[in-house]
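Colleague: Show me how the following folds:
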Amino acid sequence: MKEHPDHLADAWRELVATARRTAADGLVVGTSGNVSVRVRDLILVTPSGIPYDRLGPADLTGVDIEGRPIVGRLRPTSELPLHLAVYRHTPATAVVHTHAPHATAVSTLVPELPPVHYMTAALGGPVRVAPYALYGSDELAAHMLEALRDRTAALLRNHGTIAYGDSLAQALERTAQLEWMCRVWLLAAAVPGHAPGLLSPAQLDAAGERLRGYGQPGDDPR
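Modeller: Have a look, this model is predicted:
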């Protein structure tokens, strides 16, 4: 087994654990979805087509910001352009991409997720839907960046979700919150003769301000 510096080995273990969580939580099926984390100038990313439960220390896969292979023998995920675009244009340290079922369903119905819950504010506002483009393409990455403007998560039409954060835990939490809000909206919208009540921009602003002070001192408010 090839040895890697401790900081890379630790980051890889956390990345693999996060990827496995996406599968365990029903956010992906099979080898769909992908996860990455930035360690200084290196981006560790799940490899293409390898089940998460088969990934081990020797499978560490890393590229530079241009996508050039730096570490490992496996080919990176086909969605590498999505991840690289996020790192180039946001302060992200980690990115989670899934095919979460409720979020994917919502992506086929509306241009943005209606603000059905105050946790919308935790993602920067109503979550936009990026227009469809072929997976792994630069066109999809461009659409995604526009949808992510002033947001930390987006829906990808007929595809899934993208979320980023300061850590893998935060990126995964934002992904889970987005999937939950999509499920809530779908449930409410399915009631015959009723339309979901939505929050106003002022209500979202107030919730966002309150969320910034949520939790214990030093904790991530989301």
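Colleague: For the most centrally placed residue in the chain, pull up the helix or strand it's in.
Modeller: Nearest to the centroid of the C-alpha atoms of the chain, with distances taken as CA atoms, centre = their mean, sits A163, at 2.6 Å. Take DSSP states H and E as the rule and A163 turns out to sit in strand 160-165.
Colleague: what does that strand rub up against?
Modeller: Strand 160-165 has contacts (CB atoms under 8 Å, 6 or more residues apart in numbering) with 27, 32-33, 82, 86, 90, 92-100, 103-104, 107, 123, 144, 148, 152-156, 171-175, 178-179. All C-beta atoms are positioned from the backbone trio N, CA, C, and that covers glycine.
Colleague: In helices, which of the residues you listed fall?
Modeller: Members of those lying in helices (criterion: DSSP state H): 82, 86, 103-104, 107, 144, 171-175, 178-179.
Colleague: how distant is stretch 26-46 from the center of its chain?
Modeller: Here stretch 26-46 is found 9 Å from its chain centre; the criterion is CA atoms, centre = their mean, to the nearest Å.
Colleague: Stretch 61-77 too?
Modeller: With CA atoms, centre = their mean as the basis, the mean position of stretch 61-77 lies at 19 Å from the chain mean.
Colleague: before we move on, the earlier item: can you list the strands that the strand holding A163 pairs with?
Modeller: With DSSP bridges as the test, strand 160-165 is paired with strand 94-98 (antiparallel), strand 153-156 (antiparallel).
Colleague: now the longest one, how far from the chain's geometric center?
Modeller: Same thing as strand 94-98. 3 Å.
Colleague: quick thing: my sequence starts at 44, can you match it?
Modeller: Sure, I'll start counting at 44 from here, so that last one is strand 137-141.
Colleague: Quick one: neighbours of D84, just the number.
Modeller: D84 has 9 neighbouring residues, counting by other CB atoms under 10 Å.
Colleague: hmm, I was thinking of L87
Modeller: With other CB under 10 Å as criterion, L87 counts 25.
Colleague: part of a strand, is it?
Modeller: Yes - the assignment for L87 by DSSP: H, G, I helix; E, B strand; the rest coil puts it in a strand.
Colleague: Surely it is in contact with R56?
Modeller: No - using CB atoms under 8 Å, L87 is not in contact with R56, being 10.4 Å away.
Colleague: now the strands: where do they sit in the chain?
Modeller: Taking DSSP state E as the test, the strands found in the chain are 77-82, 85-88, 105-106, 112-114, 137-141, 172-173, 196-199, 203-208.
Colleague: Ranking these by mean neighbour count, which comes first?
Modeller: Of all the strands of the chain, strand 137-141 has the most neighbours on average by mean count of other CB atoms under 10 Å, namely a mean of 29.
Colleague: Can you pull out the low-pLDDT segments for the chain?
Modeller: Low-confidence segments of the chain (pLDDT under 70): 44-46, 257-265.
Colleague: List the beta-bridge partners for the closest residue to A54 other than its chain neighbours.
Modeller: Residue nearest to A54 in three dimensions, not counting chain neighbours: V82, with 5.0 Å by CB to CB, 6 or more residues apart in numbering. In this entry, V82 is beta-bridged to L85, by DSSP bridges.
Colleague: distance of H160 from V227?
Modeller: For H160, the distance to V227 equals 6 Å [CB to CB, to the nearest Å].
Colleague: My error: substitute Y95 in the last question.
Modeller: Applying CB to CB to Y95 and V227 gives a distance of 27 Å.
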